[in-house]
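Participant: next comes the sequence, and after it the predicted model I'd like to discuss.
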Amino acid sequence: MADPNPDEKSKPVLQTAFFIMPGNALRSLRDELQISAGEKMTEGILYRYGFRCGEGQIQNMDIVCEDMISISEVLPGLWGSVGLGRIQLKDISDGGMTVIFKESIEAMTVGQTQKPSCDFTRGYLAGMASTLSNKAFSAIETECMAKGDQICSHKLTQAKGEVIPGQEAAVKTESKYKLERGTSYLVEEDSPDRSYDIFVDIVTHGGQGLCITRDYPEKIRRMYNLKKTPILWLSNAESEFAIEPVQLGKLYHQIEDFLKKSKDSAVLLCGIEYIITQNNYTSALKFLQLVRDQISIYDSLLISPISPSTLNERDLKMIEREMKVLNTK
């Protein structure tokens with residue numbers, strides 16, 4: 001009989017398996033991504049790919065660093081096995097540190113550019129630091145040999161806008177909804193009222209939630225009295241917790257990280273229609289499929305409202321096949 005959940009069975013192997021990537025392969029990956037996704041998307045994809053590599057290298061080691069001094073003591077030795085160039089550390093403080101490369105494999109593979117371009121490397125650094133400390137770190141490259149600087153310099157700091165699971169105050173009434181864990185629910189309704197009602201019911205009965213919405217986060221907090229629940233805003237606005245709707249990889253990354261950290265979790269995803277219009281239907285469907293798989297792996301819940309009249313019958317049916325439909329009529 002086939003394994004009903006092969007992804008779960010293969011997870012321990014995938015967490016410890018590594019392979020060597022030649023520098024020219026990294027260059028080819030960047031070139032192909034730029035052709036298919038554009039420069040801005042390429043930067044984000046390479047950063048998150050590097051982050052996962054750095055995270056994967058550390059997560060099975062029994063190493064926990066309580067502060068930046070501890071990280072600075074172990075990072076150079078751990079980085080030596082990465083093969084992206086030797087590092088020197090300076091400006092070490094509680095808020096972060098500066099990582100210096102006098103030679104950078106990624107900068108050499110990229111060639112001459114007009115701006116810092118070591119996106120995979122800075123993601124790798126952020127992934128390692130985040131996993132060593134169990135806190136979210138980000139890395140910004142301020143100098144890069146690819147654009148003519150003498151060194152590559154990365155500023156490693158604790159990340160803003162980290163999605164941290166919170167616990168809402170519990171209510172004494174019984175839960176109104178009995179949902180099956182590990183399931184993704186599609187709530188067919190013209191306005192997301194019932195979806196929010198389900199979500200609030202979950203987070204006020206012991207669950208930890210992540211709300212992803214088209215509405216301004218403070219408005220949602222006031223409307224539903226959500227004080228501890230992290231809220232991500234699907235918007236192109238400049239805001240700490242805003243995520244551009246075209247950055248589906250980044251959004252998926254945030255959801256996956258939340259599921260790893262939380263207990264009895266639930267994700268409310270409002271704005272499927274908006275995601276489709278800002279990307280395309282195929283990309284949005286693939287995104288939903290990947291999120292659904294993570295919901296199953298982490299025994300979580302996904303609540304996604306959708307207005308059936310906004311999609312043609314075929315497109316709606318495709319989404320319905322991926323999720324369990326709740327009809328409000």
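Facilitator: Great, that's in hand.

Participant: make it CA atoms for all contacts and neighbour counts henceforth
Facilitator: OK.

Participant: for the stretch 201-329 of the chain, give me the ranges with low pLDDT.
Facilitator: The stretch 201-329 of the chain contains residues with pLDDT under 70 at 328-329.

Participant: helices of that one, start to end?
Facilitator: In the stretch 201-329 of the chain, the helices defined using DSSP state H, counting those that start in this stretch lie at 217-224, 248-261, 272-278, 281-297, 313-322.

Participant: ok, which of these comes nearest Y124?
Facilitator: With distances scored as C-alpha to C-alpha, the stretch of the helices of the stretch 201-329 of the chain nearest to Y124 is helix 248-261 (14.7 Å).

Participant: and the closest one, what does it pack against?
Facilitator: For helix 248-261, the packing partners by 3 or more C-alpha pairs under 8 Å, 6 or more residues apart in numbering; DSSP states H and E come out as helix 39-58, helix 281-297.

Participant: that older thread, the helices of the stretch 201-329 of the chain into a markdown table, with extra columns for distance to S138 and mean neighbour count?
Facilitator: Formatted as a markdown table, the helices of the stretch 201-329 of the chain follow (distance: least, C-alpha to C-alpha, whole Å; neighbours: other C-alpha atoms under 10 Å):
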| stretch | distance to S138 | mean neighbour count |
| --- | --- | --- |
| helix 217-224 | 23 | 13 |
| helix 248-261 | 13 | 17 |
| helix 272-278 | 26 | 17 |
| helix 281-297 | 23 | 17 |
| helix 313-322 | 34 | 13 |
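
Participant: now do the contacts for the residue nearest to S191 when sequence neighbours are not counted.
Facilitator: Residue nearest to S191 in three dimensions, not counting chain neighbours: S307, with 7.2 Å by C-alpha to C-alpha, 6 or more residues apart in numbering. Going by C-alpha atoms under 8 Å, 6 or more residues apart in numbering, S307 touches 188-191.

Participant: and the strands in the stretch 51-200 of the chain?
Facilitator: Using DSSP state E, counting those that start in this stretch, the strands assigned to the stretch 51-200 of the chain run over residues 88-93, 96-101, 137-143, 152-158, 183-188.

Participant: what strands line up against the second one, and which way round?
Facilitator: Looking back up the chat, that one is strand 96-101. According to DSSP bridges, strand 96-101 forms sheet pairs with strand 88-93 (antiparallel), strand 152-158 (antiparallel).

Participant: now the longest one: average pLDDT?
Facilitator: Translated: strand 152-158. For strand 152-158, the mean per-residue pLDDT is 94.

Participant: got the contact list for it?
Facilitator: 95-104, 122, 125-126, 135-145.

Participant: swap in the shortest one?
Facilitator: Contact with strand 88-93 is made by 68-69, 72, 76, 97-101, as judged by C-alpha under 8 Å, 6+ apart.

Participant: just the buried ones from these, in ChimeraX syntax?
Facilitator: Burial among the contacts of strand 88-93 is assessed by 16 or more other C-alpha atoms under 10 Å; the matching ChimeraX selection reads:
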select :68,72,97,98,99,100,101
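
Participant: hang on, the earlier thing: quick one: the strands of the stretch 51-200 of the chain as CSV, columns for distance to V82 too.
Facilitator: Shown next, in CSV, are the strands of the stretch 51-200 of the chain (distance: least, C-alpha to C-alpha, whole Å):
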stretch, distance to V82
strand 88-93, 14
strand 96-101, 13
strand 137-143, 17
strand 152-158, 16
strand 183-188, 38
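
Participant: out of these, which comes closest to L285?
Facilitator: Nearest to L285, of the strands of the stretch 51-200 of the chain and by C-alpha to C-alpha, is strand 183-188 at 12.9 Å.

Participant: hang on, the earlier thing: return the most buried member of the strands paired with strand 96-101.
Facilitator: Stretch with highest mean neighbour count among those: strand 152-158 (a mean of 22; mean count of other C-alpha atoms under 10 Å).

Participant: domain assignment for the chain?
Facilitator: Domain segmentation of the chain under automatic domain parsing yields 6-158, 183-327.

Participant: please tell me how far the spatially most central residue of the chain sits from V291.
Facilitator: Residue closest to the average C-alpha location in the chain (C-alpha atoms, centre = their mean): H253, at 1.7 Å. Noted for H253: a distance of 10 Å to V291, by C-alpha to C-alpha, to the nearest Å.

Participant: many thanks, we can stop here.
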